[in-house]
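fold the following.
(chains A and B)
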Amino acid sequence: MEIVWENTVIAIIAIGILYFLLNKYAFGPLFSVMEKRQELVQSQLNEAAQTREQAAVFIEEQKAALQEARKEAYEIIEQSKQTSSKQAAELLDHAKDEATRLKDEAVRDIQSEKNKAVEQLRSEVGAVSVKIASKLIEKEVSEDKVQGELVDQYLKEVGGRS
Amino acid sequence: MHEAPVIEVGGLHLDLSVILMLLVTCTIVFVVARLATRNLSVENPGKLQNFMEWVVEFIRNMISSTMDWKKGKPFLSLAMTMILFIFVANMLGLPFGVVTEYHDPAKATIFGHEITSVTEVFKAAHEKGEEAHAEVAWWKSPTADLSVTMGLALIVFLLSHGLGLFKNTKNYLKHYVQPYPFFLPINIIEQLSKLLTHGVRLYANIFAGEVLISTIMTLAKASIIGAIFSVPLLMAWQGFSIFVGAIQAFVFVILMMVYISQNLESHDEEHH
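Prediction:
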């Protein structure tokens, strides 16, 4: 087998041309597409990691908000419990006061009615007893003021005792 | 033994079969690569694109195994070209061969040029006073020609040593006088032998495969029994040749990357 050096040169030229053509029309675009895919995958991975972090943050926030809401609800319940018991006590006090007031008024009314009645009775009894006495001792007593006063005094004693 | 159809044009010897087969190989590789990268898609690659990307990944792993990927990245395209070219070239000689037979030197012409290799055979036979005939192979693997594989090896040789000389000058030159200055001739012989073995290994494997195929064909032509025997033999050998062709393409490219990395990388680590 002899070496034909022209063959060697032709082979080198052929490989050179093939390399140039493949590089320009086939491998160049292919490599760039593969690189793009790699970038795409990388960016998607990054995005996923970011989303996960965000989700974790959101969950934390939600938990905090829930805790806050629970605390608030508890406070509201406590507050309303306190208010209601206070109100009940107030109502009770009010009612008691009212009742006492009503009772006192009633007592006072009774007292004043009684006093009025006594007064009326006294005056009537005085007049009646004067009439009775004047009838009994018509002439001797009728003009004597001293005796009238005596009768009054006596009647007062009677009224005071009653 | 088949002759190569060599013609003389303007003082140059042109081997028509090699030119033809180089053209065929380059066309097939380019068309396949172009088809595979026709409708490129980032998110939804087609079958051919997937295959091509697999090849790229394969070559990338190959380069990464010999050198730092950052350094090796520029050679990805070259390695792809080489492995596709050599693989296709190795496969081309397997399915069939085209051989023309000449008994008369006057008829051995093409495009008006005489096929010098044929006429030389006749001349040699004429001097001995024998009857002669010549067979010319037109269709064969281009890698079954030593001058072609030496061309490929020469590309690698020049590339690796050029890179070593210009990009890694100090380490590259120092390497020739290590471990002692009188090792210089041995180191030079080592480098030259690398060039030689790189080219000859590929040529010898493919050429041997084709020789055996043509031998089996001769057996088939000899008799009916030979023809019956030759069928399983041919099947087995062609299957094995596919395997050998793939392996040789792989070996050639990985050696290419090893040689480049040897000349590019510093060997400082070993001496400190």
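
helix or strand: which one has residue B:254?
For residue B:254, the element it lies in under DSSP states H and E is helix B:224-264.

could I get the average pLDDT for that helix?
Here helix B:224-264 scores 90 as its mean pLDDT.

same deal with stretch A:30-48?
91.

try stretch B:122-142
78.

ends of that stretch, how far apart?
25 Å (Cα to Cα, to the nearest Å).

cool, stretch A:12-31 as well?
Stretch A:12-31 has an end-to-end distance of 25 Å (criterion: Cα to Cα).

ok, residues contacting it?
Stretch A:12-31 is contacted from outside by B:22-23, B:25-26, B:29-30, B:33-34, B:36-37, B:40, B:49, B:52-53, B:56, B:76-78, B:80-82, B:84-85, B:151-152, B:154-155, using Cβ atoms under 8 Å, 6 or more residues apart in numbering or on different chains. (C-beta placed from N, C-alpha, C; glycine too.)

could you redo the last one with a cut-off of 7 Å?
Residues from elsewhere that reach stretch A:12-31 (Cβ atoms under 7 Å, 6 or more residues apart in numbering or on different chains): B:22, B:26, B:29-30, B:33-34, B:37, B:40, B:52, B:56, B:77-78, B:80-81, B:85, B:151-152, B:154-155.

can you give the distance of the longest helix that chain A contains from its chain's centre?
Identified as the longest helix of chain A according to DSSP state H is helix A:28-136. How far helix A:28-136 lies from its chain's middle: 5 Å, per Cα atoms, centre = their mean, to the nearest Å.

same check on stretch B:253-261?
Chain-centre distance of stretch B:253-261: 15 Å, with Cα atoms, centre = their mean.

which parts of the stretch 101-250 of chain B are strands?
Using DSSP state E, counting those that start in this stretch, the strands of the stretch 101-250 of chain B run over B:109-110, B:113-114, B:134-139.

deepest-packed of the ones you listed, please.
Burial of the strands of the stretch 101-250 of chain B is given as mean neighbour count (mean count of other Cβ atoms under 10 Å in any protein chain shown); strand B:134-139 ranks first at a mean of 18.

ok, residues contacting that one?
Taking contacts as Cβ under 7 Å, 6+ apart, the residues outside strand B:134-139 that touch it are B:2-5, B:17, B:20, B:96-102, B:115, B:118, B:121-122.

quick one, which of the residues you listed are buried?
Buried by 16 or more other Cβ atoms under 10 Å in any protein chain shown: B:2-5, B:17, B:20, B:97, B:100, B:102, B:115, B:118, B:121-122, out of the contacts of strand B:134-139.

of these, just say which sits nearest to chain A.
Nearest to chain A, judged by Cβ to the nearest Cβ, of these is residue B:4 at 7.6 Å.

contacting residues for the nearest residue to the closest one once chain neighbours are set aside?
The shortest distance from residue B:4 to any residue other than its chain neighbours is 5.0 Å, reached at residue B:15 (Cβ to Cβ, 6 or more residues apart in numbering or on different chains). Contact analysis of residue B:15 by Cβ under 7 Å, 6+ apart lists A:4, A:7, B:4, B:5, B:6.

thanks again, I'm all set now.
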